[in-house]
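[1] output the structure for:
(chains A and B)
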Amino acid sequence: NAGVTQTPKFQVLKTGQSMTLQCAQDMNHEYMSWYRQDPGMGLRLIHYSVGAGITDQGEVPNGYNVSRSTTEDFPLRLLSAAPSQTSVYFCASSYQQGADTEAFFGQGTRLTVV
Amino acid sequence: AQSVTQLDSQVPVFEEAPVELRCNYSSSVSVYLFWYVQYPNQGLQLLLKYLSGSTLVKGINGFEAEFNKSQTSFHLRKPSVHISDTAEYFCAVEYGNKLVFGAGTILRVKS
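    Model prediction:
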(Lines give C-alpha, C1' and ligand atoms only; values in the text may rest on other atoms or scores of the structure.)
Protein backbone atom coordinates (compact mmCIF):
# COMPACT_ATOMS: atom_id res chain seq x y z
CA ASN A 1 0.00 0.00 0.00
CA ALA A 2 1.84 3.10 -1.26
CA GLY A 3 -0.35 5.73 0.47
CA VAL A 4 0.39 9.20 -0.94
CA THR A 5 3.09 9.39 -3.61
CA GLN A 6 4.65 12.66 -4.72
CA THR A 7 6.98 13.19 -7.67
CA PRO A 8 9.55 14.55 -8.13
CA LYS A 9 11.32 14.63 -4.75
CA PHE A 10 13.60 17.49 -5.80
CA GLN A 11 13.35 20.11 -8.54
CA VAL A 12 15.25 23.22 -9.56
CA LEU A 13 13.48 25.70 -11.81
CA LYS A 14 14.48 28.94 -13.43
CA THR A 15 12.31 32.00 -12.85
CA GLY A 16 9.44 32.00 -15.31
CA GLN A 17 9.44 28.28 -16.01
CA SER A 18 6.33 26.20 -15.44
CA MET A 19 6.03 22.71 -14.02
CA THR A 20 3.63 20.23 -12.49
CA LEU A 21 4.08 18.50 -9.15
CA GLN A 22 2.41 15.13 -9.18
CA CYS A 23 0.43 13.59 -6.32
CA ALA A 24 -1.34 10.23 -6.30
CA GLN A 25 -3.12 8.31 -3.54
CA ASP A 26 -4.32 4.73 -3.49
CA MET A 27 -6.59 4.89 -0.43
CA ASN A 28 -9.74 6.02 -2.26
CA HIS A 29 -9.92 9.18 -0.13
CA GLU A 30 -12.28 11.91 -1.25
CA TYR A 31 -10.29 14.80 0.14
CA MET A 32 -6.89 15.92 -1.14
CA SER A 33 -4.83 19.01 -0.39
CA TRP A 34 -1.60 20.77 -1.25
CA TYR A 35 0.46 22.59 1.37
CA ARG A 36 3.70 24.49 1.27
CA GLN A 37 6.13 24.44 4.18
CA ASP A 38 8.39 27.39 4.88
CA PRO A 39 10.71 27.80 7.90
CA GLY A 40 8.92 29.21 10.93
CA MET A 41 5.54 29.25 9.19
CA GLY A 42 4.34 25.69 9.50
CA LEU A 43 2.33 24.32 6.58
CA ARG A 44 -0.02 26.58 4.67
CA LEU A 45 -2.85 25.37 2.47
CA ILE A 46 -2.55 26.17 -1.23
CA HIS A 47 -5.52 24.36 -2.81
CA TYR A 48 -7.80 21.52 -1.83
CA SER A 49 -10.36 19.18 -3.36
CA VAL A 50 -13.39 17.49 -1.82
CA GLY A 51 -13.82 15.07 -4.72
CA ALA A 52 -13.22 14.52 -8.42
CA GLY A 53 -14.08 17.65 -10.39
CA ILE A 54 -14.24 19.90 -7.30
CA THR A 55 -11.40 22.17 -6.20
CA ASP A 56 -11.11 25.32 -4.14
CA GLN A 57 -8.51 27.81 -2.99
CA GLY A 58 -6.74 27.70 0.32
CA GLU A 59 -4.74 30.34 2.16
CA VAL A 60 -1.96 30.92 -0.43
CA PRO A 61 -3.31 30.03 -3.90
CA ASN A 62 -1.68 32.73 -6.05
CA GLY A 63 0.63 31.36 -8.74
CA TYR A 64 -0.73 27.81 -8.51
CA ASN A 65 -3.41 25.84 -10.32
CA VAL A 66 -4.92 22.45 -9.56
CA SER A 67 -7.34 20.02 -11.16
CA ARG A 68 -8.93 16.78 -9.97
CA SER A 69 -10.03 14.62 -12.88
CA THR A 70 -9.83 11.37 -10.91
CA THR A 71 -10.11 10.40 -7.25
CA GLU A 72 -6.50 9.22 -7.23
CA ASP A 73 -4.61 12.19 -8.73
CA PHE A 74 -4.26 15.82 -7.69
CA PRO A 75 -1.50 17.62 -9.62
CA LEU A 76 -0.27 21.10 -8.67
CA ARG A 77 0.82 23.39 -11.49
CA LEU A 78 3.18 26.32 -11.13
CA LEU A 79 2.31 28.67 -13.94
CA SER A 80 5.40 30.91 -13.96
CA ALA A 81 7.84 30.07 -11.19
CA ALA A 82 9.11 32.83 -8.92
CA PRO A 83 11.83 32.71 -6.23
CA SER A 84 9.09 33.22 -3.61
CA GLN A 85 7.80 29.77 -4.55
CA THR A 86 10.97 28.12 -3.28
CA SER A 87 9.58 25.80 -0.63
CA VAL A 88 8.81 22.23 0.31
CA TYR A 89 5.45 21.09 -1.02
CA PHE A 90 3.34 18.42 0.61
CA CYS A 91 0.31 16.65 -0.76
CA ALA A 92 -2.18 15.07 1.62
CA SER A 93 -5.25 12.89 1.30
CA SER A 94 -7.82 12.43 4.04
CA TYR A 95 -10.98 10.60 4.91
CA GLN A 96 -14.04 11.49 6.92
CA GLN A 97 -16.00 8.58 8.39
CA GLY A 98 -18.59 9.78 10.85
CA ALA A 99 -16.66 11.52 13.63
CA ASP A 100 -13.34 10.01 12.54
CA THR A 101 -10.93 11.81 10.25
CA GLU A 102 -7.22 11.65 9.45
CA ALA A 103 -4.86 13.07 6.85
CA PHE A 104 -1.97 11.19 5.27
CA PHE A 105 0.98 13.06 3.81
CA GLY A 106 3.40 12.37 1.00
CA GLN A 107 7.16 12.64 1.43
CA GLY A 108 7.29 16.11 -0.07
CA THR A 109 8.81 17.86 -3.09
CA ARG A 110 11.66 20.26 -2.41
CA LEU A 111 11.49 23.02 -5.03
CA THR A 112 14.12 25.68 -5.62
CA VAL A 113 13.46 28.55 -8.01
CA VAL A 114 16.57 30.45 -9.13
CA ALA B 1 -10.66 32.17 10.98
CA GLN B 2 -9.02 29.29 12.76
CA SER B 3 -5.49 29.77 14.06
CA VAL B 4 -2.99 27.67 15.96
CA THR B 5 -0.19 29.03 18.15
CA GLN B 6 2.74 26.90 19.19
CA LEU B 7 4.28 28.81 22.03
CA ASP B 8 7.87 27.59 21.68
CA SER B 9 9.85 27.52 18.44
CA GLN B 10 12.55 25.32 19.97
CA VAL B 11 12.66 23.14 23.08
CA PRO B 12 16.01 21.70 24.19
CA VAL B 13 15.84 18.86 26.69
CA PHE B 14 18.16 16.20 28.04
CA GLU B 15 17.57 12.54 27.28
CA GLU B 16 15.21 10.79 29.75
CA ALA B 17 13.77 14.12 30.94
CA PRO B 18 10.06 14.94 30.56
CA VAL B 19 8.91 17.39 27.91
CA GLU B 20 5.82 19.46 27.14
CA LEU B 21 5.19 21.14 23.79
CA ARG B 22 2.52 23.79 24.05
CA CYS B 23 -0.28 24.47 21.59
CA ASN B 24 -3.20 26.89 21.74
CA TYR B 25 -5.93 27.24 19.14
CA SER B 26 -8.69 29.71 18.40
CA SER B 27 -12.12 28.41 17.65
CA SER B 28 -15.66 29.08 18.71
CA VAL B 29 -16.89 25.70 17.56
CA SER B 30 -16.04 22.09 18.24
CA VAL B 31 -12.74 21.14 16.69
CA TYR B 32 -10.64 18.18 15.81
CA LEU B 33 -7.03 18.52 16.99
CA PHE B 34 -3.88 16.76 15.86
CA TRP B 35 -0.19 16.49 16.58
CA TYR B 36 2.15 15.53 13.75
CA VAL B 37 5.88 14.78 13.84
CA GLN B 38 8.33 15.47 11.04
CA TYR B 39 11.76 13.86 11.05
CA PRO B 40 14.47 15.52 8.93
CA ASN B 41 13.75 15.39 5.20
CA GLN B 42 10.59 13.36 5.69
CA GLY B 43 6.84 13.90 5.49
CA LEU B 44 4.48 14.34 8.40
CA GLN B 45 3.45 11.42 10.56
CA LEU B 46 0.42 11.47 12.84
CA LEU B 47 1.27 11.21 16.54
CA LEU B 48 -2.23 11.47 17.95
CA LYS B 49 -5.62 13.07 17.45
CA TYR B 50 -8.50 14.37 19.53
CA LEU B 51 -11.94 13.96 17.99
CA SER B 52 -14.24 13.71 21.01
CA GLY B 53 -14.61 11.91 24.32
CA SER B 54 -11.76 11.57 26.82
CA THR B 55 -9.67 14.71 27.01
CA LEU B 56 -6.44 12.71 27.51
CA VAL B 57 -5.32 11.24 24.25
CA LYS B 58 -2.53 8.70 23.93
CA GLY B 59 -0.51 8.40 20.76
CA ILE B 60 2.46 6.59 19.32
CA ASN B 61 6.00 6.56 20.70
CA GLY B 62 4.81 7.24 24.27
CA PHE B 63 3.36 10.68 23.57
CA GLU B 64 0.09 11.94 25.00
CA ALA B 65 -1.87 15.18 24.83
CA GLU B 66 -4.59 16.78 26.89
CA PHE B 67 -7.47 18.70 25.37
CA ASN B 68 -8.53 21.66 27.51
CA LYS B 69 -11.59 23.35 26.07
CA SER B 70 -11.71 26.21 28.59
CA GLN B 71 -8.09 27.17 27.87
CA THR B 72 -8.31 26.22 24.17
CA SER B 73 -5.11 24.25 24.55
CA PHE B 74 -3.84 20.89 23.35
CA HIS B 75 -0.39 20.42 24.89
CA LEU B 76 1.78 17.44 23.96
CA ARG B 77 3.73 15.59 26.64
CA LYS B 78 6.16 12.73 27.03
CA PRO B 79 7.42 11.60 30.45
CA SER B 80 10.88 10.52 29.24
CA VAL B 81 12.34 11.52 25.88
CA HIS B 82 14.87 9.67 23.77
CA ILE B 83 17.46 10.94 21.32
CA SER B 84 15.28 9.55 18.53
CA ASP B 85 12.49 11.99 19.47
CA THR B 86 14.54 14.83 17.99
CA ALA B 87 12.24 16.22 15.28
CA GLU B 88 9.84 19.03 14.50
CA TYR B 89 6.35 18.78 15.94
CA PHE B 90 3.26 20.42 14.50
CA CYS B 91 -0.07 21.06 16.16
CA ALA B 92 -3.04 21.35 13.81
CA VAL B 93 -6.78 22.04 13.95
CA GLU B 94 -9.13 20.63 11.35
CA TYR B 95 -12.20 22.26 9.96
CA GLY B 96 -14.09 21.38 6.81
CA ASN B 97 -11.51 18.71 6.00
CA LYS B 98 -8.77 21.33 5.88
CA LEU B 99 -5.93 21.53 8.37
CA VAL B 100 -4.57 24.72 9.90
CA PHE B 101 -1.08 24.23 11.31
CA GLY B 102 0.96 25.95 13.94
CA ALA B 103 4.46 27.19 13.09
CA GLY B 104 6.08 24.09 14.56
CA THR B 105 8.29 23.32 17.58
CA ILE B 106 11.72 21.81 17.12
CA LEU B 107 12.47 19.34 19.90
CA ARG B 108 16.19 18.85 20.44
CA VAL B 109 17.09 15.97 22.73
CA LYS B 110 20.61 16.13 24.11
CA SER B 111 22.63 13.28 25.59
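
[2] check contacts around whatever residue of chain A ends up closest to chain B.
    Distances between chain A and chain B by Cβ to the nearest Cβ are smallest at residue A:42, namely 3.8 Å. Glycine gets a C-beta too; all of them are placed from N, C-alpha and C. In this structure, residue A:42 makes contact with B:4, B:6, B:90, B:101, B:102, B:103, B:104, judged by Cβ atoms under 8 Å, 6 or more residues apart in numbering or on different chains.

[3] ok, and the closest non-adjacent residue to it?
    Of all residues not flanking residue A:42 in the chain, residue B:101 sits nearest, at 3.8 Å (Cβ to Cβ, 6 or more residues apart in numbering or on different chains).

[4] what does residue A:94 give?
    The spatially closest residue to residue A:94, leaving aside those adjacent along the chain, is residue A:103, at 3.9 Å (Cβ to Cβ, 6+ apart).

[5] center of chain A - which residue?
    When chain A is reduced to its mean C-alpha position, the closest residue under Cα atoms, centre = their mean turns out to be residue A:34, at 2.7 Å.

[6] counting contacts, what elements does the strand ranked longest in chain A pack onto?
    Counting by DSSP state E, the longest strand found in chain A is strand A:87-97. Helices and strands touching strand A:87-97, as assessed by 3 or more Cβ pairs under 8 Å, 6 or more residues apart in numbering or on different chains; DSSP states H and E, comprise strand A:4-7, strand A:19-25, strand A:31-37, strand A:100-105, strand A:109-113.

[7] which residues are contacting the third one?
    Where contact means Cβ under 8 Å, 6+ apart, the residues beyond strand A:31-37 that reach it are A:21, A:23, A:25, A:43-51, A:58, A:60, A:64, A:66, A:68, A:74, A:76, A:85, A:87-96, A:103, A:108, B:97-99, B:101.

[8] if we use 7 Å, what do you get?
    With Cβ atoms under 7 Å, 6 or more residues apart in numbering or on different chains as the test, strand A:31-37 has contacts from A:23, A:25, A:43-50, A:60, A:66, A:68, A:74, A:76, A:87-94, A:96, B:97-98.

[9] what parts of chain B come near chain A?
    The interface of chain B toward chain A, taken as Cβ under 7 Å from any Cβ of the partner chain, is made up of B:9, B:32, B:42-44, B:46, B:49, B:51-52, B:90, B:94, B:97-99, B:101-104.

[10] so which of those are in strands?
    Counting by DSSP E, the members of these that fall within strands are B:32, B:44, B:46, B:49, B:90, B:94, B:98, B:99, B:101.

[11] what sits against the first one?
    Meaning residue B:32. Residue B:32 makes contact with A:101, B:49, B:50, B:51, B:94, according to Cβ under 7 Å, 6+ apart.
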